[in-house]
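Peer 1: any chance you could fold what I've pasted below:
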Amino acid sequence: MTDDTLKIEHYEKNGVGRYRADVAGGEAELTYTLNEDDVMVIDRTFTPPEARGKSIARKLTERAVADAKEHHLRVDPQCPYVAKLFERKPEWASLRA
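Peer 2: Okay, here's the model as predicted:
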């Protein structure tokens, strides 16, 4: 699966948001809330077992972080997977809440 074949959709209402993509086995997602301090608190990523190992959660996270940067938000990576990505990507350090 290449980046151009993964269609990521984004939904947000009343400070609760979700990135999702249709993948083998169902739906992959990343969920977050926006707090009053303009912080995107990413609490969960999920990829169906049939689609794991294809960097789908990474792509969802990269999209969320890019959107946070564009909208001048900081990110609080509560999801352990997202926290690990923040450790591996020093270019994201300035966005971490």
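
Peer 1: beta partners for I42?
Peer 2: Applying DSSP bridges to I42 gives these bridge partners: Y32, P77.

Peer 1: how many residues are close by it?
Peer 2: 27 (other Cβ atoms under 10 Å). C-beta: built from backbone N, CA, C; applies to glycine.

Peer 1: how about K59?
Peer 2: Neighbours around K59, by other Cβ under 10 Å: 19.

Peer 1: Three-state assignment for it, please.
Peer 2: Here K59 is recorded as helix under DSSP: H, G, I helix; E, B strand; the rest coil.

Peer 1: need the contact list for the spatially closest residue to it that is not a sequence neighbour.
Peer 2: Leaving aside its chain neighbours, K59 sits nearest to L6 (5.6 Å; criterion: Cβ to Cβ, 6 or more residues apart in numbering). Residues near L6 by Cβ atoms under 8 Å, 6 or more residues apart in numbering: 21, 23, 56, 59.

Peer 1: same question for I42.
Peer 2: 30-32, 61, 64, 75-79, 82.

Peer 1: any regions of this protein where pLDDT drops low?
Peer 2: 1-4 (pLDDT under 70).

Peer 1: follow-up on the earlier one: export the contacts of L6 to TSV and tack on secondary structure and distance to K69?
Peer 2: Output for the contacts of L6, formatted as TSV (DSSP: H, G, I helix; E, B strand; the rest coil; distance: Cβ to Cβ, whole Å):
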residue	secondary structure	distance to K69
A21	strand	20
V23	strand	25
I56	helix	21
K59	helix	16
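
Peer 1: can you tell me which of those are buried?
Peer 2: 21, 23, 56, 59 (16 or more other Cβ atoms under 10 Å).

Peer 1: closest to K89 out of those residues?
Peer 2: Nearest to K89, judged by Cβ to Cβ, of the buried ones among the contacts of L6 is K59 at 13.4 Å.
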